[in-house]
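**Q** Sequence first, then the predicted structure:
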Amino acid sequence: MSPKVKNNSGRVFFPQRRHLNTRSRGGLCRAGQKAVRLLRISRHKHALFGVKYGRLFPVMGIVRHIVVALVALMFTLFTWLGGGIVPRWLAPWVPWVTLLLIEVMILLPEQRRTESLLEARTRVWKSLLRDPLTWLSLALVAFLTVQWLNAYTFLEWDPAKQAWEVVSPAFEWLRHPDTAALLERTPANPRQTTYLRLPDSLPVPWLPHALRADEAVTVLAWFAPVLTALLAMRHATLRHSKRMLCAFICAMTSVLAVAGIFQYLVGGTFLYWGMESHAFFFATFGYPNHAACFFPAVMALALGMLLWKIEHREHSRMPAVLYIGTFILCAVSAILSGSRAGVLFTLAIIGFAALYIPLRYFESMSMRLRVALPALLFTLAAIVIGSAAFRIYAVSANERRAAAIASATTPEAHAAAFAMPTYRAIPAVDAVLKEIGETDWAHFIRHPMLMRSGYQGILALRQLEDYPLFGSGAWSFRWLNINYINTELPEEREWLRNRKVSGQANVHNDTLQFLAEHGWVGFGLMLGCIAALVLPFFKTLLRSPSVPQNDAVADRIWFNRICAYCIFALAATTLIAAHSFIDLVFRSPACMMLYGLLFVCAEGFVPRRTVLPKTAPSAQA
């Protein structure tokens, strides 16, 4: 063996060594030896193409988290750009982020400590091929793409331009042959908007189709990015990145809630600076029930993250005040959103937490805390219920006073009416409580599939009978529902007479609307994607009691050993699913993406094996 020699710096080297663990036995110059060392396949956790990129560029360390960064960016865009329901706001950003995310999750996935980048790519690629969600997502995106391309020729007259615009199909070579002749004709009333749909103008009649391509593409622009993000988070990120994304969601939602509360307090009519809104909105959600779904779900997420942090302090770097602040701000925002669902869901989460948390930690509490905590919860419940009851009384008292003033005919009656008690109005809260009080809850429960949609749900079922297999295309209900009103029946004549412009574009029941517009094939693919998300989540939830990460959790009963995140993620997703039966929750990609991420990120909170420290065996004589 070559003798060891020390140089002036004190480092030991072998002056007569001819090779550096390479196949070649020939001598190498110093530059060649350095190249071999850099290009050697390394199993370091930061290896990039076999190179320890910490040696090359320290900034390259951010590549490790580029997948979760792109998913966070997509979620932020969906949330802050009107809840994701305005296509023209998403078009410059989301498609490019989606394409970049597809490339990055395959080429630069997050690496484990013991694998190279090539091994990480192989692992992600194999797991993608084995995941049913991958194939169901591809099938659903292909189905929606065919609906978008195979659309009727649909023209819209623009009174400002005094010209027809072809809004469907997507490409000129798919148009009906008579389109050019129709563009030269002027409508009977050129001062108002007119729509013209050519019958029998489908390019391929036996394929899935849509009425308007410009509307059908919006649903495609929602599902493709959301499903891509869910696949990326499931396969191309590690456990700590999933927890990091959940913490980011809490922080970002806190900022959004502060913006919404500020807008409410100042009575602003702006969505963003310089952008006026002519309809009610809260924060960036132009539809109150989207905010009423989003904020309670993040509220439950924050509570689950807080409890998980308390039990696993060594694995969580975020301060507890972040989750506490998110919980409070989301509760306030849900109430101020102007939706009864927001108030009811907020109270449901608070009530569930008030029952579950003492049960989970009862055995570890002192006797004083066992008495004090239920008393505190009872006091808070009394305050909340008492405040709601007082506001209901205040609303009714103000209405009685206004009715007495309007009906008074003598000075004495006017004086008596003005002497009646009056209370300051809180519009957002009072309107919601009034709506809750006026709801026919018996009818609400008797008809679970037609809870809020009413006759619109009945029309959607009639539309499904005509298009059972592939549906009639995204957003087609707004154009076709009037065709299914039977004017021979008095009740339905009243429906037609009471029709309003607002609210007719949607069924206010996601299940019925997706069925009517995408048929059993499209809706079946959507259910398959949900099943591919839910089943692994329940597998993780049921596995969590067997892998506690500390002795305090291991000593509990089975139910209380279930991961706290999984419990509150299940509560949040259950509320979102229940809300979708009475409104159009999944018409907002922000709510849709949050729903999927709550399932996917569960793996970040439950290890695959027990990590309790092993006790050293006692020495035997």
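**A** That came in fine, so what should we check first?

**Q** Tell me which residues touch Ala532, please.
**A** 131-133, 136 (Cβ atoms under 8 Å, 6 or more residues apart in numbering). Using the backbone N, CA and C atoms, a C-beta is placed for each residue, glycine as well.

**Q** Kindly recompute the last result at 6 Å.
**A** Ala532 makes contact with 132-133, 136, according to Cβ atoms under 6 Å, 6 or more residues apart in numbering.

**Q** Tell me which helix or strand it sits in.
**A** The secondary structure element spanning Ala532 is helix 510-543 (assigned by DSSP states H and E).

**Q** buried residues in that helix?
**A** Using 16 or more other Cβ atoms under 10 Å as the test for burial, helix 510-543 gives 510-519, 522-526, 528-530, 532-533, 536-537, 540-541, 543.

**Q** ranges for the helices of the stretch 101-250 of the chain?
**A** Taking DSSP state H, counting those that start in this stretch to define them, one finds helices in the stretch 101-250 of the chain at 117-130, 132-149, 179-183, 213-235, 239-266.

**Q** want to throw the ones you listed into JSON lines with mean neighbour count, distance to Ser472 and mean pLDDT?
**A** Putting the helices of the stretch 101-250 of the chain into JSON lines (neighbours: other Cβ atoms under 10 Å; distance: least, Cβ to Cβ, whole Å; pLDDT from 0 to 100) gives the following:
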{"stretch": "helix 117-130", "mean neighbour count": "15", "distance to Ser472": "33", "mean pLDDT": "93"}
{"stretch": "helix 132-149", "mean neighbour count": "19", "distance to Ser472": "9", "mean pLDDT": "96"}
{"stretch": "helix 179-183", "mean neighbour count": "12", "distance to Ser472": "21", "mean pLDDT": "85"}
{"stretch": "helix 213-235", "mean neighbour count": "23", "distance to Ser472": "10", "mean pLDDT": "94"}
{"stretch": "helix 239-266", "mean neighbour count": "19", "distance to Ser472": "35", "mean pLDDT": "91"}
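
**Q** Columns distance to Tyr423 on top of the ones you listed, output as a markdown table?
**A** Formatted as a markdown table, these follow (distance: least, Cβ to Cβ, whole Å):
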| stretch | distance to Tyr423 |
| --- | --- |
| helix 117-130 | 59 |
| helix 132-149 | 51 |
| helix 179-183 | 60 |
| helix 213-235 | 43 |
| helix 239-266 | 20 |
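
**Q** Tell me which of those helices lies nearest to Val71.
**A** Nearest to Val71, of all these, is helix 213-235, at 4.7 Å by Cβ to Cβ.

**Q** Run through who's touching the closest one.
**A** Residues contacting helix 213-235 (Cβ under 6 Å, 6+ apart): 67, 71, 74, 87, 94, 98, 101-102, 105, 124, 127-128, 137, 141, 144, 147-148, 151, 167-170, 210, 473-475, 589, 592-593, 596, 600.

**Q** what about that helix, distance to the chain center?
**A** Helix 213-235 has its C-alpha centroid displaced from the chain centroid by 12 Å (Cα atoms, centre = their mean, to the nearest Å).

**Q** how big is the angle separating it from helix 117-130?
**A** Taking axes from the mean of the first three to the mean of the last three Cα atoms, to 10 degrees, one finds that helix 213-235 is oriented at 120 degrees with respect to helix 117-130.

**Q** Give the full set of residues in contact with His579.
**A** With contacts taken as Cβ under 6 Å, 6+ apart, His579 has the following neighbours: 293, 341, 585.

**Q** what is the rounded mean pLDDT of the one helix or strand it maps to?
**A** In this assignment (DSSP H and E), His579 forms part of helix 564-580. For helix 564-580, the per-residue pLDDT values average out at 94.

**Q** Show me what the helix or strand following that helix is packed against.
**A** Sequence-wise, the next helix or strand downstream of helix 564-580 (DSSP H and E) is helix 589-600. Packing contacts for helix 589-600, counted by 3 or more Cβ pairs under 6 Å, 6 or more residues apart in numbering; DSSP states H and E, involve helix 66-80, helix 213-235, helix 288-311, helix 510-543, helix 564-580.

**Q** want to try TSV for those, with distance to Val255 as columns?
**A** Written out in TSV, the entries for the helices and strands packed on helix 589-600 read as follows (distance: least, Cβ to Cβ, whole Å):
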stretch	distance to Val255
helix 66-80	9
helix 213-235	20
helix 288-311	12
helix 510-543	27
helix 564-580	20
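
**Q** Which elements pack onto the helix ranked longest in the chain?
**A** Residue-count comparison of every helix in the chain, with assignments taken from DSSP state H, identifies helix 367-407 as the longest. Using 3+ Cβ pairs under 6 Å, 6+ apart as the contact criterion, the secondary-structure elements in contact with helix 367-407 are helix 427-438.

**Q** tell me the mean pLDDT over the helix it packs on?
**A** Within the predicted structure, the mean pLDDT of helix 427-438 is 64.

**Q** How about stretch 194-204?
**A** Rounded to a whole number, the mean pLDDT of stretch 194-204 is 85.

**Q** Relative to the whole chain's centre, how far out is it?
**A** Between the mean C-alpha location of stretch 194-204 and the chain-wide mean there is a distance of 35 Å, by Cα atoms, centre = their mean.

**Q** C-alpha coordinates for that stretch, PDB please?
**A** What follows is stretch 194-204 as a C-alpha-only set of coordinates in PDB (Å, rounded to 0.1, in the frame of the first residue of the first chain):
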ATOM      1  CA  THR A 194     -78.600  37.800 -29.700                       C
ATOM      2  CA  TYR A 195     -77.500  34.200 -29.600                       C
ATOM      3  CA  LEU A 196     -77.700  31.800 -32.500                       C
ATOM      4  CA  ARG A 197     -77.100  28.000 -32.400                       C
ATOM      5  CA  LEU A 198     -77.000  26.000 -35.500                       C
ATOM      6  CA  PRO A 199     -78.900  22.700 -35.100                       C
ATOM      7  CA  ASP A 200     -77.200  19.500 -36.200                       C
ATOM      8  CA  SER A 201     -73.800  21.200 -36.400                       C
ATOM      9  CA  LEU A 202     -71.800  18.800 -34.200                       C
ATOM     10  CA  PRO A 203     -68.500  17.800 -35.900                       C
ATOM     11  CA  VAL A 204     -68.900  14.200 -34.600                       C
END
